[in-house]
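Novice: Next one to model:
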Amino acid sequence: MSGHEMLICFDGPKGTSDHRAISLFATVGEYEPLPMSSVAEVIQTVDHTRGCLGVVAVENSTEGELTTVTDKLIFDASRVRILDEAVLAESMCAFGLGDTGSAATVVSHPLVLDLCSRFIRERGLRTRHVLSTAEACRVVAQENDLSQVALAPLVVGKASGLKLYEEAVLDVPEIRTRYVLIGQGLGVRSGRDRTALAITPLTDTVGSLQEIAETFRSCSVNMTSILSRPLQTKLGFHTFQITCDGHLLDNSVAAVVRSLLRDGHAVKHLGSFPRWGGVEVTTPFANLPLGSIDRSTAVDLSTSMLQIFGLGLDLS
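Specialist: Model prediction:
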């Protein structure tokens, strides 16, 4: 590694989506990739190694917030901060060595297989799990088995030398995953930033979350997401992971933190970082939740909830 290259660790091996996501970060220049065996190892390495960066996935369009990862950032690391964010949006394609008529087994990551269920079901294919889409392509290429089909992003399949069978085999348009670049220190201030905080009320009182939300409102800071994590050691206590608009160095965000501390809450700064300018992670659905009603469809708001929601239950 040359002196000007940064070291970036990720959940390996090379060629995975975590590895591909590194190139999306505008703040990353030349770097040396360092594959690791787990997300926990990535976070702990960054926490204990000054100057080392890491990339981890924190949200995707099918599972939402990845709490197993965010919990590690909140509870298992003291020096790690989020420095940047990016969204990797990928479709999936089918690749192989022969032709689709000889296909019998489909190989890919379990999540990809779940999201390509229609393609698999319609062709009556068996499934084989591997750790990544890159590994799926390597397996099909190395085993030289004409009956195996790899499901992978277009760029991954082409790099493996396999033949493209079919494009867009997902049940949804694409998989979107939000990644964060982590390191020690404070992210650059861009003027279009987000700040992530972990806020823990030190007393278990009714309305504590409302009080926290009111602090953001009174300082004119917009909350963009909130995640509640109950604490095991104190029954009824929660840590709230809140992401808001603005940077820690902005007067408004700084005022929120000062106010929360004065009110007796514990606050951890998880990072301030430039907001991603591309597509956001969303659910794959454009419609309201099925069964929703609104004021225009509720016949009489003064009637019972059972009638409003059309449950028609006889509780006598």
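
Novice: Helices of the stretch 51-200 of the chain, start to end?
Specialist: 67-75, 110-115, 117-123, 133-143, 154-160 (DSSP state H, counting those that start in this stretch).

Novice: TSV please, covering these and showing distance to Asp47.
Specialist: Where C-beta positions appear, they are placed from N, C-alpha and C, glycine not excepted. Shown next, in TSV, are the helices of the stretch 51-200 of the chain (distance: least, CB to CB, whole Å):
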stretch	distance to Asp47
helix 67-75	9
helix 110-115	27
helix 117-123	38
helix 133-143	27
helix 154-160	30
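
Novice: Pick the most buried one from those helices.
Specialist: helix 133-143 (a mean of 21; mean count of other CB atoms under 10 Å).

Novice: quick one: low-confidence ranges for the protein?
Specialist: Applying pLDDT under 70 to the chain flags residues 1-4, 234-236, 299, 312-316.

Novice: Pull the distance from stretch 129-141 to the chain's centre.
Specialist: Averaging C-alpha positions (CA atoms, centre = their mean, to the nearest Å) puts stretch 129-141 22 Å from its chain's average.

Novice: got the contact list for that stretch?
Specialist: With contacts defined as CB atoms under 8 Å, 6 or more residues apart in numbering, stretch 129-141 is touched by 13-17, 92, 95-97, 107-110, 112-113, 128, 148-153, 156-157, 159-162.

Novice: Give me the buried entries from those.
Specialist: For the contacts of stretch 129-141, a burial check counting by 16 or more other CB atoms under 10 Å picks out 13, 15-17, 92, 95-97, 107-109, 112-113, 128, 148-153, 156-157, 160, 162.

Novice: re earlier: now intersect the contacts of stretch 129-141 with the strands, please.
Specialist: Judged by DSSP state E, strands contain the following of those: 95-96, 107-108, 128, 148-152.

Novice: With distance to Glu167 as added columns, please give these in TSV.
Specialist: Formatted as TSV, those follow (distance: CB to CB, whole Å):
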residue	distance to Glu167
Phe95	10
Gly96	13
Val107	18
Ser108	15
Arg128	21
Gln148	18
Val149	13
Ala150	14
Leu151	11
Ala152	11
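
Novice: which one of the residues you listed sits closest to Ala21?
Specialist: Nearest to Ala21 among these: Ala152, at 15.3 Å, using CB to CB.

Novice: hang on, the earlier thing: of the helices of the stretch 51-200 of the chain, which is nearest Glu280?
Specialist: Short answer: helix 67-75, nearest of the helices of the stretch 51-200 of the chain by CB to CB, at 17.3 Å.

Novice: other SSEs contacting that closest one?
Specialist: helix 39-48, strand 53-60, strand 223-230, strand 238-245, strand 266-274 (3 or more CB pairs under 8 Å, 6 or more residues apart in numbering; DSSP states H and E).

Novice: What strands line up against the fourth one, and which way round?
Specialist: Taking DSSP bridges as the criterion, strand 238-245 forms sheet pairs with strand 193-200 (antiparallel), strand 223-230 (antiparallel).

Novice: Report the angle between the first one and strand 266-274.
Specialist: The reference is to strand 193-200. Put simply, strand 193-200 runs at 170 degrees to strand 266-274, going by axes from the mean of the first three to the mean of the last three CA atoms, to 10 degrees.

Novice: Can you list the buried residues in strand 193-200?
Specialist: 193-200.

Novice: One more: the last one?
Specialist: For strand 223-230, burial by neighbour count (16+ other CB under 10 Å) applies to 223, 227, 229.

Novice: can you list contacts of that strand?
Specialist: By CB under 8 Å, 6+ apart, strand 223-230 touches 65, 67, 70-71, 74, 194, 209, 213, 216, 236-245.

Novice: pull the CA atoms of it into CSV?
Specialist: Output in CSV follows, covering the C-alpha atoms of strand 223-230 (Å, rounded to 0.1, in the frame of the first residue of the first chain):
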residue,chain,number,x,y,z
MET,A,223,-35.9,14.4,12.2
THR,A,224,-35.8,12.0,9.2
SER,A,225,-35.8,8.7,11.0
ILE,A,226,-36.1,7.1,14.4
LEU,A,227,-35.4,3.6,15.7
SER,A,228,-36.2,2.4,19.2
ARG,A,229,-34.0,-0.1,20.9
PRO,A,230,-35.1,-1.4,24.3
